[in-house]
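Asks: Got a predicted model here, sequence first, then my questions.
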Amino acid sequence: MGKAPLIISVSGLRGLVGTSLDEGVVSRYVGAFVRYLRESEVWGQFPPRIVTGYDGRSSGEALLEVVHQTLWAGGLEPCPLGVAATPTVGFLTAHGQFLGGIQLTASHNPHPWNGLKLFHASGRVLPGVEGEKVRHFYESGENGGVFNGESGEKGWEVRGIDFQKSHIEAILALVDVEAIRKKRYSVLLDANHGSGSVLGKVLLEALGCEVFFAQAGEKPDGKFVHTPEPIAENLSETAGEVAKKGCVVGFCQDPDADRLAVVDERGNYIGEEYTIVLCAEAILRRGGRGALVTNGASSLMTRDLARKYGVPYFYTPVGEANVVDRMMAEQALFGGEGNGGPIEPRIGWVRDSFVGMALILDFLASEEVPISRLVERYEKYVLRKEKLSFDTRNLPTWYARLQEHFSDAVVDTGDGLRLAWEDRWLLVRPSNTEPIVRLMAEAKTVEGVEELFEIARNLA
């Protein structure tokens, strides 16, 4: 795979283990987080304890030990969950009186990638301003003299907290558990040997489901059977197994289980974009009212749903932290990112695939139709995403050409360049997590998307 640069965003970093990401980088970055915490408004409001977890990758245990040693040296107490999903780390950070949280994960990236995701005491990934502070401390090497090189007494245990149980109970409170149990659904779960298998099977069985794993011998050991991003090209075998086993639905997670893609009962990949709209309607149809929020790279289906139910809709720059900022500002009912990341405020301010599974099953049980029928109700759009190698120094020129050509579009430059019309949009933006430029578009037809892509490429 060669050497790839270390990728740093406001909520964390990721890199190739042994090259751009090593023990020194991890220790320095966690040290920067400690410095930020000691100067933050939450210092002194909570015990100096930090929840930690990892997504099952083979490099996770060794790197987590570095995390723990750095926390101890900084006077904080690590509270390890071991293999745990990112939404569970966020949930416990918010509900367990912790100063913050750290998850070791590279999200959808394959081996040998790994990374760190940082959580605020509220259980959300670090907001932009706070994340930039951590980044500054990391890049400048400043730790403010907080490290004395001595370890405290390592006495923390779970102390009676069953982290699976508390997270599951909170999710079950969102749905009609008995109605779902009566259906005795058969469900295929593709956790792909990531952390989703820790909680996924337990939750689904609590809902009365018969659970089949997509891979034999499923356990959270990080030995991915297929490329871990839950997109169509990586899930062809999984999709076939849903129909073969007679399941009503297939749920597919990324390694840290904050994203959820869906396969229907016929073995058709529905995808990640439908996750948000299905979850949102599950809540709205039960009388929930409030704003819906997604990022600007998500499908217009959520906007259409908001119009149907007469509730406000807002979009934000790409990034979980940006979506959460707007959700908090609008006191939103529900939100998320179109890559399959539902955010349910009653559970926490973090993307949560388990929330997605429960809400979709609740929707199925109440409507008593196959999931393929639910999906047919929504206006059809074609959404396409590409990654381009492009010199980002030339982006301003590209943006100017696009705005001149599409003079009738609504222009938004808050996140790269987004050009929008009533029934389509085009987004060009440098990635926050990979050294590439992303080109994205949505329209009513394949031809409409192709036209936007062709024009954009020709103007580059």
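Replies: Looks like it came in fine.
Asks: Looks to me like residue 363 is in a helix.
Replies: Yes. Counting by DSSP: H, G, I helix; E, B strand; the rest coil, one finds residue 363 located in a helix.
Asks: Now do it: how many residues are near it, please.
Replies: Using other Cβ atoms under 10 Å, the number of residues around residue 363 comes to 22. Every C-beta, even on glycine, is put in place using the N, C-alpha and C of the backbone.
Asks: Begin at 44 from now on, thanks
Replies: In the new numbering, first residue 44, that becomes residue 406.
Asks: okay, it: pLDDT?
Replies: Each residue has a pLDDT score; the one for residue 406 is 98.
Asks: quick one: it from residue 212, how far?
Replies: Using Cβ to Cβ, to the nearest Å, one obtains 20 Å as the distance from residue 406 to residue 212.
Asks: likewise residue 401?
Replies: Taking Cβ to Cβ as the measure, residue 401 and residue 212 are separated by 11 Å.
Asks: More neighbours: the two, which one.
Replies: Set side by side, residue 401 and residue 212 give different neighbour counts by other Cβ under 10 Å, the larger being at residue 401 (28 against 11).
Asks: On the three-state scheme, that one is what?
Replies: With three-state DSSP as the basis, residue 401 sits in helix.
Asks: now do residue 237
Replies: Look at residue 237: counting by three-state DSSP, its state is coil.
Asks: Correct me if wrong: it contacts residue 262.
Replies: No. In this structure, residue 237 is not within contact of residue 262 by Cβ atoms under 8 Å, at 10.1 Å.
Asks: Sketch out the low-pLDDT regions of this protein for me.
Replies: Filtered on pLDDT under 70, the chain yields the residue ranges 44-46, 186-205, 475-478.
Asks: Am I right that residue 315 is in contact with residue 277?
Replies: No. Taking contacts as Cβ under 8 Å, residue 315 lies outside contact range of residue 277: 11.7 Å.
Asks: And those two? Which one has more around it.
Replies: It is residue 315, of residue 315 and residue 277, that has more neighbours when counted by other Cβ under 10 Å, with 27 against 21.
Asks: Could you find the closest non-adjacent residue to the more buried one?
Replies: Ranked by Cβ to Cβ, 6 or more residues apart in numbering and with sequence neighbours excluded, the top spatial neighbour of residue 315 is residue 383, at 3.2 Å.
Asks: likewise residue 467?
Replies: Taking Cβ to Cβ, 6+ apart, and ignoring the residues beside it in sequence, residue 467 has residue 486 as its nearest neighbour in space, at 3.9 Å.
Asks: so what's the one you found bridging to?
Replies: residue 425 (DSSP bridges).
Asks: ok, it - contacts?
Replies: Counting by Cβ atoms under 8 Å, 6 or more residues apart in numbering, residue 486 makes contact with 424, 425, 466, 467, 492, 494, 495.
Asks: same question, residue 247
Replies: Neighbour list for residue 247: 230, 232, 254, 400 [criterion: Cβ under 8 Å, 6+ apart].
Asks: For the first one, give me its contacts.
Replies: Put plainly, it is residue 230. Contacts here follow Cβ under 8 Å, 6+ apart; on that basis residue 230 touches 247, 252, 253, 254, 255, 290, 291, 292, 293, 294, 400, 404.
Asks: Now the closest residue to the last one other than its chain neighbours: which helix or strand?
Replies: Right, the one you point to is residue 404. Setting aside the residues directly before and after it, residue 404 is nearest to residue 223 in space (Cβ to Cβ, 6+ apart), at 5.1 Å. Secondary structure here is read from DSSP states H and E; on that basis residue 223 sits in helix 220-226.
Asks: Next, report how far the following helix or strand past that helix is displaced from the centre of its chain.
Replies: The helix or strand immediately downstream of helix 220-226 is strand 229-233, counting by DSSP H and E. Using Cα atoms, centre = their mean, to the nearest Å, the mean C-alpha position of strand 229-233 is found 20 Å from that of the whole chain.
Asks: One more: stretch 265-280?
Replies: The gap between where stretch 265-280 is centred and where its chain is centred comes out at 16 Å by Cα atoms, centre = their mean.
Asks: Other residues contacting that stretch?
Replies: For stretch 265-280, the surrounding residues in contact (Cβ under 8 Å, 6+ apart) are 98-101, 103, 151-154, 233, 235-237, 257-258, 281, 295-298, 302-304, 306, 312, 314-315, 383.
Asks: can you count the residues close to the residue nearest to residue 336 when sequence neighbours are not counted?
Replies: The shortest distance from residue 336 to any residue other than its chain neighbours is 3.6 Å, reached at residue 378 (Cβ to Cβ, 6+ apart). Using other Cβ under 10 Å, residue 378 has 34 other residues around it.
Asks: looking at this, residue 378 is in a strand?
Replies: Yes. Residue assignment for residue 378, taken from three-state DSSP, places it within a strand.
Asks: do you know how far it is from residue 402?
Replies: Separation of residue 378 from residue 402 (Cβ to Cβ): 13 Å.
Asks: re the thing from before, can you say which of the contacts of residue 230 are buried?
Replies: The neighbour count (16 or more other Cβ atoms under 10 Å) marks 247, 252, 254, 255, 290, 291, 292, 293, 294, 400, 404 as buried among these.
Asks: Out of those, which two sit at the greatest distance?
Replies: Based on Cβ to Cβ, the longest span within these runs between 255 and 404 and measures 14.9 Å.
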